[in-house]
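Asker: Have a look at this fold, sequence not included:
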């Protein structure tokens, strides 16, 4: 699903965010990406969502080399990737329904389809009764779930989450991760960046660890420390 | 459309088909267009200011243009009354001149003739020139006798009068013939310059309007920065994001054009009142050619183009600049 081949990213000014990163996330796989702040997690996700381009190396999604994607096509790539952010990135002056409907409106679905799918997505994240609310009236966990509903409403084959549990207590964090597990069981590939090691320790998922831009562990061996 | 996952849309039950895409395209346009109008309504003061700038900027050149066009129309009427002056040869005697007059009166191109003898001409010149007694020292009268010919209205147009003039010049008593429309030609020259000035003024104002609209839209774009970022993150194309702003430009143009038309009409009514009084003294009946349907359409077209041009320049630059980081 996602494949990195010797990817390095150097920002203007010489700051090396990633160096020679290699990994392959299989279709239908769920994995965590971890590391300290500044280790390059966000940069790695930005390379997948085409907010940044690699300096060296190749990023492939479903076998397509992203370096062949032109600027005009980026919007269409992002429709295939459900993205979830720590800061939610919700429109605060629009209702929960309108926020979740946005990807469908952009794709040009009919009103009927939009209502059906948005309701289904909100139901899935447990916010079926909050569709007319403004995001500001919701709790942090609920806002995050609105963001998740928006990410899955057009049924993308790939979900990317950047610190989705960043501001949540352990119980809420677990609920969010359970949601991701549900989507994963439905066949969606899920890739979650987090520095919440306690959360990861409780799950048996593949974990990729970044340190100063290098991939130091890849797999379940994290606890044994073979690669550290 | 999915670039990365072939068959992704097809796999779902709710694929976006060609026909649906076609209709949703228009539905989207109508929705976004009305939404933009609603945004203008929600910020009435700011919107009215921008519409006002557009409206007044169009009013000035439009009003001036109508003035010039109407002046041209009036002078066309004057030109009909053109007069031909025939300067007779010095050798022509008084009785020969009277015979010429008699002959000319029989021409059916000619409405009236009058005769100014060389003495009368000198008297008049003495009175009007202010040279007074200095002229008494002349040995002989240098001025020729003049026959003033007024053509019938049918032969008063510049070309017909010109043909008549050529015919009159062939009379053996006539030395020089002159059609007194030269001052009109000079007036025409001035009007042409005035017209060009109106065009230049209009062009400058149009540029200003494009820049002002562009700047207003730029501010709108930056006010919606967060919304644009989110839309880009969930896969909105630049065209989709730009559309509401282009519609805002369109509405600015349309409303500004309507405002300009109303203002110009009011100005014309106002001027019409004072002009009627003035013209009544000269027994001239004049209807100002106001703004007809065609003019309204032209003004709206110009105005909408300016609004669209301003917003187009702005969205091209600024929507592209906003990228998620």
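Answerer: Yes, it's here. Note that the structure is predicted; figures quoted are calculated from it, not measured.

Asker: Look through the chain and tell me its longest helix.
Answerer: I went with chain A, as the question did not name one. Taking DSSP state H as the assignment, the helix of chain A that covers the most residues is helix A:170-185.

Asker: Let me rephrase: I mean chain B.
Answerer: Here the longest helix in chain B is taken by residue count, with DSSP H as the criterion, and it is helix B:238-281.

Asker: Off-centre distance for it?
Answerer: For helix B:238-281, the gap between its own C-alpha mean and the chain's C-alpha mean amounts to 14 Å (CA atoms, centre = their mean, to the nearest Å).

Asker: excluding its backbone neighbours, what's nearest residue 25?
Answerer: You didn't pick a chain, so chain A it is. If you skip the residues right next to it in sequence, residue A:25 has residue A:2 as its closest partner in space, 4.2 Å away by CB to CB, 6 or more residues apart in numbering or on different chains. Just so you know, the C-beta spots here come from the backbone N, C-alpha and C atoms, and that holds for glycine as well.

Asker: hmm, I had chain B in mind actually
Answerer: On the basis of CB to CB, 6+ apart, the spatially nearest residue to residue B:25 that is not a chain neighbour turns out to be residue A:108, at 6.9 Å.

Asker: residues contacting residue 56?
Answerer: Went with chain A since none was named. A:6, A:7, A:8 (CB atoms under 8 Å, 6 or more residues apart in numbering or on different chains).

Asker: Not quite, go with chain B.
Answerer: By CB under 8 Å, 6+ apart, the contact list for residue B:56 reads B:260, B:263.

Asker: thinking again about what came up before, just checking, what packs against the longest helix of chain A?
Answerer: The elements that helix A:170-185 packs onto, with contact taken as 3 or more CB pairs under 8 Å, 6 or more residues apart in numbering or on different chains; DSSP states H and E, are strand A:30-34, helix A:140-152, strand A:158-162, strand A:189-193, helix A:197-201.

Asker: Can you read off the pLDDT for residue A:185?
Answerer: Reported pLDDT at residue A:185 in the predicted model: 92.

Asker: Below-threshold pLDDT in chain A: ranges please.
Answerer: Judged against pLDDT under 70, the low-scoring parts of chain A cover residues A:219-228.

Asker: now do the stretch 201-325 of chain B
Answerer: Along the stretch 201-325 of chain B, the parts satisfying pLDDT under 70 run over B:282-291.

Asker: Spell out which parts of it neighbour chain A.
Answerer: B:226-227, B:229-238, B:240, B:323-325 (CB under 8 Å from any CB of the partner chain).

Asker: Recalculate using a threshold of 7 Å.
Answerer: If contact is defined as CB under 7 Å from any CB of the partner chain, the residues of the stretch 201-325 of chain B in contact with chain A are B:227, B:230, B:231, B:233, B:234, B:235, B:236, B:237, B:240, B:324, B:325.

Asker: Find the pair from those with maximum spatial separation.
Answerer: Taking CB to CB as the measure, those span a maximum distance of 20.3 Å, between B:240 and B:325.

Asker: In terms of neighbours, single out the busier of those two.
Answerer: Between residue B:240 and residue B:325, counting by other CB atoms under 10 Å in any protein chain shown, residue B:240 is the more crowded of the two (19 against 8).

Asker: ok, that one touching residue A:108?
Answerer: No: applying CB atoms under 7 Å, one finds residue B:240 not in contact with residue A:108, separated by 9.1 Å.

Asker: separation between whichever residue of the stretch 1-150 of chain B sits closest to chain A and residue A:105?
Answerer: Scanning the stretch 1-150 of chain B for the residue nearest chain A gives residue B:24, at 4.0 Å (criterion: CB to the nearest CB). Taken as CB to CB, to the nearest Å, the spacing of residue B:24 relative to residue A:105 amounts to 9 Å.

Asker: try residue B:314
Answerer: Going from residue B:314 to residue A:105 by CB to CB gives 23 Å.

Asker: before we move on, what about residue A:25?
Answerer: 30 Å.

Asker: Could you list the domains of chain B?
Answerer: Chain B resolves into domains spanning B:32-76+B:187-321, B:84-178 when parsed by automatic domain parsing.

Asker: Can you tell me which of these is packed in deepest?
Answerer: Relative to the other members of these, domain B:32-76+B:187-321 carries the highest mean neighbour count by mean count of other CB atoms under 10 Å in any protein chain shown, namely a mean of 17.

Asker: At which residues are the strands of the stretch 51-200 of chain B located?
Answerer: Across the stretch 51-200 of chain B, reading from the start of the chain, the strands by DSSP state E, counting those that start in this stretch fall at B:84-88, B:110-116, B:146-151, B:174-179.

Asker: how much distance is there from the first one to the middle of the chain?
Answerer: It stands for strand B:84-88. Computed by CA atoms, centre = their mean, the separation of strand B:84-88 from the middle of its chain amounts to 38 Å.

Asker: contact partners of that strand?
Answerer: Taking contacts as CB atoms under 7 Å, 6 or more residues apart in numbering or on different chains, the residues outside strand B:84-88 that touch it are B:97, B:144-149, B:151, B:161, B:164-165, B:168, B:173-180.

Asker: angle of it against strand B:110-116?
Answerer: Orientation check (axes from the mean of the first three to the mean of the last three CA atoms, to 10 degrees): strand B:84-88 against strand B:110-116 gives 40 degrees.

Asker: which residue is nearest the centroid of chain B?
Answerer: What sits nearest the mean C-alpha location of chain B, by CA atoms, centre = their mean, is residue B:65, with 3.0 Å.

Asker: Tell me who's in contact with residue B:116.
Answerer: B:145, B:146, B:148.

Asker: Ramachandran angles for residue A:89?
Answerer: Geometry field for residue A:89 lists phi and psi as phi 50, psi 50, criterion degrees, to the nearest 10.

Asker: For it, give its distance to residue B:318.
Answerer: In terms of CB to CB, residue A:89 sits 20 Å off from residue B:318.

Asker: Quick check: closest non-adjacent residue to residue 198.
Answerer: No chain was given, so I picked chain A. Spatial nearest neighbour of residue A:198, chain neighbours left out: residue A:170 (7.1 Å); criterion: CB to CB, 6+ apart.

Asker: wrong one, chain B
Answerer: Counting by CB to CB, 6+ apart, the nearest residue to residue B:198 once its immediate chain neighbours are dropped is residue B:64, at 4.6 Å.
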